[in-house]
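**Student:** From the sequence below, what's the structure:
(chains A, B, C and D)
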Amino acid sequence: MLTEFGKILIFFILGAVFVAGGLIASWILRPNRPYPEKLRPYECGEEPVGNAWVRFNVRFYVIALIFLIFDVEVVFLFPWALVYRELGLFAFLEMAVFLLILIVGFAYVWVKGDLDWDKPKPVIPQVNRPIQSIDQPVVKSEPVTS
Amino acid sequence: MIESKVLPTDYVTEPGRIRTSTGKTLKTDEMIINMGPQHPSTHGVLRLEIVVDGEIVVDVIPHIGYLHRCFEKHAEHMTNYQQVIPYADRMDYLTSMNNDWAYSLAVERLLKLEVPPRVEYIRVIMAELQRIASHLIAVGTFGIDMGAFTPFLWCFRDRERILDLFEMTCGARLLYNYIWVGGVSHDLPARFVEKAKDFCRYFKPNIVELNNLLTFNEIFIKRTADVGVLPKDVAINYACSGPMLRGSGVNWDLRRDDPYSIYNKFEWEVQVGKGEMGKVGDVWDRYIVKVREMEQSVKIVEQALASIPEGNVQAAIPKRIRPEHGEAYVRTESARGELGFYIISDGSTSPYRVKARSPAFVNLSVLPEIARGCMIADLVAIVGSTDIVLGEVDR
Amino acid sequence: MTPQEIHETLKGKFGEAAVEAKLDALQPWIRIPPNKTRTIGAFLRDDPSLQFDFMMCLSGVDYNDGNLGVVYHLFSMIHKHKVVLRANCPKDNPHVQSVSEVWGTANWHEREAFDMFGIQFDEHPDLRRILCPDDYPGYPLRKDFKVPEFYNGMKVPY
Amino acid sequence: MGLLDYKFENSNVFITSLENLLNWARLSSLFQMQFGLACCAIEMMAASASNFDIMRFGVIPRATPRQTDVMIVAGTVTLKMASRIKRLYDQMAEPRYVISMGSCSNCGGPYWEHGYHVLKGVDRVIPVDVYVPGCPPRPEALLEGIMKLQEKVRKESLAKKKQTA
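**Tutor:** Next comes the predicted model:
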């Protein structure tokens, strides 16, 4: 007699076998002729410059943390939604308080500016020239806009 | 806004700091990315060494020379002035008619030679058709740079019609060797004028169709407006020319302002960027100047076809051209801008020195100025809008 | 302004010896000393009556009589007149003052002249070879240039 | 039922050999490395545009050498570019093929005599399978070059290559 969890176990086993089988079959069949030039990282045909272990900007880690918090929040919502009809108004208020706290956190993060990403900061070039320009009188080109 | 530098700048963690090829050492969180010779969006073998801070381009160092085919050395070794023309063809392989014309004009200036009127008309027709074909490629590949594949197919479909016209007259699709010193290699075939008129009638609505598809597309405008702004006086200081200069609002076109041949006989207007979608001189302006120039070129071709005279197509020149001692610099308006030839002759039949001033080489030299502080995706748009052809940049 | 008047103003500003001209040629040119090109260029660009703000072309030339030359073709967008300047320098020690501060386009043109002829441009921001690879032997466009037999293990001549 | 008893009129997908199957799969999906050098690249673009559609043959441009099977060297190979082409060829995955398009990459083309910076033929740097003549070759010539390559791939064998003397 197969319990519910037995079915899940078979599901996992089949998944693992399917994936491992594919990988092993291709590992056996495909030609494999590595040599140093082929394994060098591809950089548009050029000699690779610098190493890939560059220290990333902090904003990537901050965004990851923010995502983690709101992802966990959503995980709590799923079981709540299933049993919401039986529990009635009490569950609704309970969850409202929970969401409210997180929205305050979200507002804090928004105001602090951790969410706005990298905006281009174009630098408009200028020519250092006492007098110039083609048909108007001496006009400096527009000031550098942010 | 998160300051991109958490640590003080002189606090070095890694042992070896990377240096760019111009010797500048990088700050700790900057990276060098090679938009190298093999890259879908560099329109040929151009290598851009980009110093990047996150997504923002801090500095661009172009490396060219991957297609340096020694044009000037070949020109000095040719035993006859006519033999340089196939090499001038291959210099800017998208506008070979304009290249041949510029070179022939320079040699004719040295010889103080007048060409018969029919040749002038044929040359204008061929050069303007070639300008349309070159702009079609520029617009088509610029569409691919922005991610739109359909304009590429449409533009190449229209361009094939022009190539059929060229193939009818000179037998070749891309590099023609048709405009010689002193005239053209042979006369137009019988039904060329009629077929060219058909093309003009066929092509006009296509430009409107292209505009509806790409030019006023919301995504396209958001990707190209206010990007890579080139102010007027920087464009002049860097001697940019063609759609690059006109896109920055300078009303300057060699066909009208430094006149050569018979352009003054036709009426057409010079298209100038007016900053409709963003600042004057941004990528969208350079793009729209190219599209509107195609309409003007169709207008010129129609007027030239209507009033083409009869006559022979070869001026009376000796077999071996021998201009007297002297030098001349002549410039013409090719599709990318001011294409000039500076020829020094020492009285023999082979040129002493030929310097080709190619517009793409000069327009590309302004790239580090206008690409500072933009995003990497914008850099693709800026390189696409400068419309460079590497055969001409590297000569 | 005709080349004759331009020559007069230059003579007035920089003295007789510095500036001699050949005005009867097809395109008249003015010879300037190689170590004063930037000062003359800045004057030509910023003088209200001249305003040569557009440098059409800068080309290196090997005159094959022992000296190299740099030819400047300048144009004024405002007054619509042209001038041709020449600066000669000896072949064994070719030094010319760089004009890349005056005209931005001169930066790459000078790098190309250095690459092809070996003309050293003083005060140039970064004088590297632009067309040939950095370790390419010799300066290709000189008249006495010998094509190398091998380069990086690849046979060059056919 | 005697299925294997000469029932099929001609060979079909059931009784084909593994080699034919593999070769057929490889030749009908030759991914091309997307890079062009000079004028031949414009003819290659015209070949991949709507009039001469190269994608009918399964030749799809891919940006990185890791996912490509055929490298079409379209244009003049200069000495500065030669080392890069060698590196790109090395970084391609086996089995890989090279089509040398245009007389410049075949033998130096019009630059054979005075080209001090031109490599006289890409086969001095990488092995070439198919040469497409022309300067620039017409798109139809490139299509024929691809068909020639497909015939070559069709005849490949998985057995150990006999060591030619």
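
**Student:** In chain C, where is pLDDT below threshold?
**Tutor:** For chain C, applying pLDDT under 70 flags the ranges C:17.

**Student:** In three-state terms, label the residue in it positioned nearest to chain A for me.
**Tutor:** Using Cβ to the nearest Cβ, the single residue of chain C nearest to chain A is C:Met77, 5.0 Å away. The way it works is simple: take the backbone N, C-alpha and C, and place the C-beta from them, glycine included. When classified by DSSP: H, G, I helix; E, B strand; the rest coil, C:Met77 comes out as coil.

**Student:** what sits against it?
**Tutor:** C:Met77 sits next to A:134, B:236, B:250, B:252, C:51, C:53-54 when contact means Cβ atoms under 8 Å, 6 or more residues apart in numbering or on different chains.

**Student:** Looking at these, which is nearest B:Tyr121?
**Tutor:** The closest of these to B:Tyr121 turns out to be B:Trp252 (Cβ to Cβ; 25.0 Å).

**Student:** Not counting its neighbours along the chain, what's nearest that closest one?
**Tutor:** Distances taken as Cβ to Cβ, 6 or more residues apart in numbering or on different chains place B:Leu245 nearest to B:Trp252, at 5.7 Å, with adjacent residues excluded.

**Student:** C-terminal to the one helix or strand that neighbour maps to, what's the next element?
**Tutor:** In the assignment (DSSP states H and E), B:Leu245 maps to helix B:243-247. As assigned by DSSP H and E, the chain's next helix or strand after helix B:243-247 is helix B:254-257.

**Student:** Tell me the helices and strands packed up against the next helix or strand after that following helix.
**Tutor:** Next along the chain after helix B:254-257, taking DSSP H and E as the criterion, comes helix B:283-306. Helix B:283-306 is packed against helix B:117-145, helix B:192-210, helix B:218-224, helix B:243-247, helix B:376-386, with contacts defined by 3 or more Cβ pairs under 8 Å, 6 or more residues apart in numbering or on different chains; DSSP states H and E.

**Student:** Next, the angle from helix B:283-306 to helix B:376-386.
**Tutor:** With axes from the mean of the first three to the mean of the last three Cα atoms, to 10 degrees applied, the angle from helix B:283-306 to helix B:376-386 works out at 20 degrees.

**Student:** so, in contact with chain C or not, the helix or strand just after helix B:283-306?
**Tutor:** Sequence-wise, the next helix or strand downstream of helix B:283-306 (DSSP H and E) is strand B:326-334. Yes - using Cβ under 8 Å from any Cβ of the partner chain, strand B:326-334 reaches chain C at B:326-329, B:331.

**Student:** For strand B:326-334, what is the distance to the chain centroid?
**Tutor:** Chain-centre distance of strand B:326-334: 16 Å, with Cα atoms, centre = their mean, to the nearest Å.

**Student:** Helices of chain C, residue ranges please.
**Tutor:** C:3-14, C:37-46, C:106-117 (DSSP state H).

**Student:** Please identify the most buried of these.
**Tutor:** helix C:106-117 (a mean of 24; mean count of other Cβ atoms under 10 Å in any protein chain shown).

**Student:** Next one: it, is it in contact with chain B?
**Tutor:** Yes - contact of helix C:106-117 with chain B (Cβ under 8 Å from any Cβ) involves C:107-108, C:112, C:116.

**Student:** Let me have those in JSON lines, extended by distance to B:Arg159.
**Tutor:** Below are these laid out as JSON lines (distance: Cβ to Cβ, whole Å):
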{"residue": "C:Asn107", "distance to B:Arg159": "35"}
{"residue": "C:Trp108", "distance to B:Arg159": "30"}
{"residue": "C:Glu112", "distance to B:Arg159": "31"}
{"residue": "C:Met116", "distance to B:Arg159": "34"}
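
**Student:** By mean pLDDT, point me to the weakest helix or strand of the chain.
**Tutor:** With no chain named, the answer covers chain A. Lowest by mean pLDDT, DSSP states H and E among the helices and strands of chain A is helix A:84-87, with a mean of 86.

**Student:** Correction: the question concerned chain B.
**Tutor:** When the helices and strands of chain B are scored by mean pLDDT, DSSP H and E, strand B:31-35 comes last with a mean of 87.

**Student:** what residue ranges in the stretch 151-300 of chain B score low on pLDDT?
**Tutor:** In the predicted model, the stretch 151-300 of chain B carries no residue with pLDDT under 70.

**Student:** Close to chain A: what parts of it are there?
**Tutor:** Applying Cβ under 8 Å from any Cβ, one finds that the stretch 151-300 of chain B approaches chain A through B:226-234, B:236-237, B:250, B:252, B:279.

**Student:** Would you quantify the distance from B:Ala106 to chain C?
**Tutor:** 11 Å (Cβ to the nearest Cβ, to the nearest Å).

**Student:** How about the contacts made by that residue?
**Tutor:** Here B:Ala106 is in contact with B:328-330, B:341-343 (criterion: Cβ under 8 Å, 6+ apart).

**Student:** List the buried residues in the strand or helix carrying it.
**Tutor:** B:Ala106 belongs to helix B:96-111 when assigned by DSSP H and E. Buried residues in helix B:96-111, counting neighbours by 16 or more other Cβ atoms under 10 Å in any protein chain shown, are found at B:96-111.

**Student:** Between strand B:326-334 and that helix, find me the angle.
**Tutor:** Interaxial angle, helix B:96-111 versus strand B:326-334 (the same axes, to 10 degrees): 150 degrees.

**Student:** Which positions in chain D make contact with chain C?
**Tutor:** D:79-80, D:82-83, D:107-108, D:112-113, D:116-117, D:119-120, D:124-125.

**Student:** about what we covered before: let me have the helices and strands packed on helix B:283-306 in CSV, extended by mean neighbour count.
**Tutor:** Output for these, formatted as CSV (neighbours: other Cβ atoms under 10 Å in any protein chain shown):
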stretch, mean neighbour count
helix B:117-145, 24
helix B:192-210, 15
helix B:218-224, 16
helix B:243-247, 29
helix B:376-386, 23
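
**Student:** Out of the residues of the stretch 151-300 of chain B next to chain A, grab the one that's most surrounded.
**Tutor:** B:Leu230 (32 neighbours; other Cβ atoms under 10 Å in any protein chain shown).

**Student:** I'd like to know how far that one sits from B:Lys279.
**Tutor:** 10 Å (Cβ to Cβ, to the nearest Å).

**Student:** and what of D:Lys148?
**Tutor:** 52 Å.

**Student:** just B:Leu214 next, same as before
**Tutor:** Taking Cβ to Cβ, one finds B:Leu214 at 20 Å from B:Lys279.

**Student:** Who does the residue positioned nearest the centre of chain C form a beta bridge with?
**Tutor:** Nearest to the geometric centre of chain C sits C:Val70, at 2.9 Å (Cα atoms, centre = their mean). Note on C:Val70: beta-bridge partners by DSSP bridges are C:Gly60, C:Ala87.

**Student:** Thought C:Ser59 was touching it, still the case?
**Tutor:** Yes - counting by Cβ atoms under 8 Å, C:Val70 touches C:Ser59, with 7.4 Å between them.

**Student:** Give the intersection of the neighbour lists for the two.
**Tutor:** C:Ala113.

**Student:** Quick check: the gap between A:Pro79 and chain B.
**Tutor:** 35 Å.

**Student:** tell me the contacts of the nearest residue to B:Asn312 once chain neighbours are set aside?
**Tutor:** Leaving aside its chain neighbours, B:Asn312 sits nearest to B:Pro116 (5.8 Å; criterion: Cβ to Cβ, 6+ apart). Applying Cβ under 8 Å, 6+ apart, we find B:Pro116 in contact with B:183, B:311-315.
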